[in-house]
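In: Quick one, fold the following:
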Amino acid sequence: MPSSLRTFLAEALGTFILVLFGCGAVHAAVLTGAQSGLWQVAIVWGMGVAFAAYCVGGISGAHINPAMTIALAMWGRFPWSKVGPYVVAQLGGAFVAATALFVIYGPSLAKKEAAIGVRRGELGSIVTASCYGEFFPAPGGVLTAEGKWLDSEWKVFQARATFREAFVAEVLGTAILALVVFAVTDRRNSAAPAAFLAPLVIGLTVACLISIIAPLTQCCLNPARDFGPRLFTYFAGWGSVAALPGPNGHGFFTVYILAPILGAIAGGGLYDNLLRPAFASTPDSGLPNPDS
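Out: Got it, this is the predicted structure:
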């Protein structure tokens, strides 16, 4: 197998692992009540990041996030010629993971929709669609005390996070994530952890950001993590009302694709241009470079 193909497949596998663990935790929480709080879901997401990095980081660098791939390329840490194939691999891995979760949670999805009184494809089915793609604000809290969906309640509930709050939250959250990624993978940074601990630090960063932002936007930080599963739900019956574009309209692009990309570029630039020049010149590092 050509090394480049192996690299792209590794990146797809890493994203598959991330989404399987992360969206799997959301499935368990939304559909079965298996998680007792937001932190339980958040830490599974974070560990999914770490597991993916340990599995494929030595081959592809485990970007597992188009926003991070673009930011690394923007600041000279990754070749632009590989950005497109990486993004395709990431989206593919996320889509396949969503498919796998749909297969194993199919009966639970149908039971949840029946319990809240909606049919798949109706507005209320964003509750189950949120196991895959993301919405602002997170729709789980809109259910009545009896556990039912009411369209009128959703209209009131939306005031919790408008487009402005959602966009800013995703830019800021992804900027912090990129800042940490750039910092902990830089050998010039004497405060960075040992290389084998970097995936855990990055995963914990993701978990902490989810704990802060998830009630507002479900905390994307990663266009592949949202768009791959969202695209799957569009074809799996949720359609245009509850999946793509969904009730947030252009938000599927502006909040969950554009904002993370802008945030990652800003966070990486903050590190490279403000913090990194303070360190003594030592051999460069960054995430493993598939060209090396």
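
In: can you pull out the helices in the stretch 151-292 of the chain?
Out: Under the criterion DSSP state H, counting those that start in this stretch, the stretch 151-292 of the chain contains helices at 151-157, 163-184, 198-217, 223-233, 239-242, 251-253, 259-270.

In: Between those helices, which one is closest to residue 103.
Out: helix 223-233 (11.2 Å; CB to CB). Glycine gets a C-beta too; all of them are placed from N, C-alpha and C.

In: Take that closest one, keep the C-alpha atoms, and write them as PDB.
Out: Extracted C-alpha coordinates of helix 223-233, given in PDB (Å, rounded to 0.1, in the frame of the first residue of the first chain):
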ATOM      1  CA  PRO A 223     -16.100  20.600  11.300                       C
ATOM      2  CA  ALA A 224     -15.700  16.900  10.500                       C
ATOM      3  CA  ARG A 225     -17.200  15.900  13.800                       C
ATOM      4  CA  ASP A 226     -20.300  17.900  12.900                       C
ATOM      5  CA  PHE A 227     -20.700  17.800   9.200                       C
ATOM      6  CA  GLY A 228     -19.900  14.100   8.600                       C
ATOM      7  CA  PRO A 229     -22.600  12.800  11.100                       C
ATOM      8  CA  ARG A 230     -25.000  15.700  10.000                       C
ATOM      9  CA  LEU A 231     -24.700  14.600   6.400                       C
ATOM     10  CA  PHE A 232     -25.400  11.000   7.400                       C
ATOM     11  CA  THR A 233     -28.600  12.100   9.300                       C
END
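
In: Need the mean per-residue confidence for it.
Out: Taken as a whole, helix 223-233 has a mean pLDDT of 98.

In: elements contacting it?
Out: Helices and strands touching helix 223-233, by 3 or more CB pairs under 8 Å, 6 or more residues apart in numbering; DSSP states H and E, are helix 3-27, helix 66-74, helix 83-116, helix 251-253.

In: Which among those helices is found nearest to residue 237?
Out: Closest approach to residue 237 among the helices and strands packed on helix 223-233 is made by helix 83-116 (9.6 Å; CB to CB).

In: Tell me the first helix or strand C-terminal of that closest one.
Out: helix 126-129 (DSSP states H and E).

In: a strand runs through residue 76, doesn't it?
Out: No - using DSSP: H, G, I helix; E, B strand; the rest coil, the assignment for residue 76 is coil, not a strand.

In: now the residue nearest to residue 80 when sequence neighbours are not counted: how far from residue 47?
Out: With CB to CB, 6 or more residues apart in numbering as the criterion, residue 80 has its nearest non-adjacent residue at 5.0 Å, and that residue is residue 73. For residue 73, the distance to residue 47 equals 27 Å [CB to CB, to the nearest Å].

In: neighbouring contacts of the least confident helix or strand in the chain by mean pLDDT?
Out: Ranked by mean pLDDT, DSSP states H and E, the weakest helix or strand in the chain is helix 151-157, scoring a mean of 91. Here helix 151-157 makes contact (CB atoms under 8 Å, 6 or more residues apart in numbering) with 123, 124, 137, 139, 141, 142, 143, 144, 247.

In: Not counting sequence-adjacent ones, nearest residue to the fifth one?
Out: Going back to what we said before, that points to residue 141. With CB to CB, 6+ apart, the residue lying closest to residue 141 is residue 157, at 6.8 Å.

In: sorry, back to before: the helices of the stretch 151-292 of the chain: which one's closest to residue 79?
Out: helix 259-270 (15.5 Å).

In: Please work out how many residues are found near residue 274.
Out: For residue 274, the count of nearby residues is 10 (other CB atoms under 10 Å).

In: In contact with the residue nearest to residue 80, which residues?
Out: 79, 80, 83.

In: Please apply the same query to residue 96.
Out: Contact analysis of residue 96 by CB under 8 Å, 6+ apart lists 12, 16.

In: now do 7 Å
Out: Going by CB atoms under 7 Å, 6 or more residues apart in numbering, residue 96 touches residue 16.

In: Could you measure from it over to residue 90?
Out: In terms of CB to CB, residue 96 sits 11 Å off from residue 90.

In: Kindly report the same for residue 177.
Out: For residue 177 relative to residue 90 (CB to CB), the value is 15 Å.
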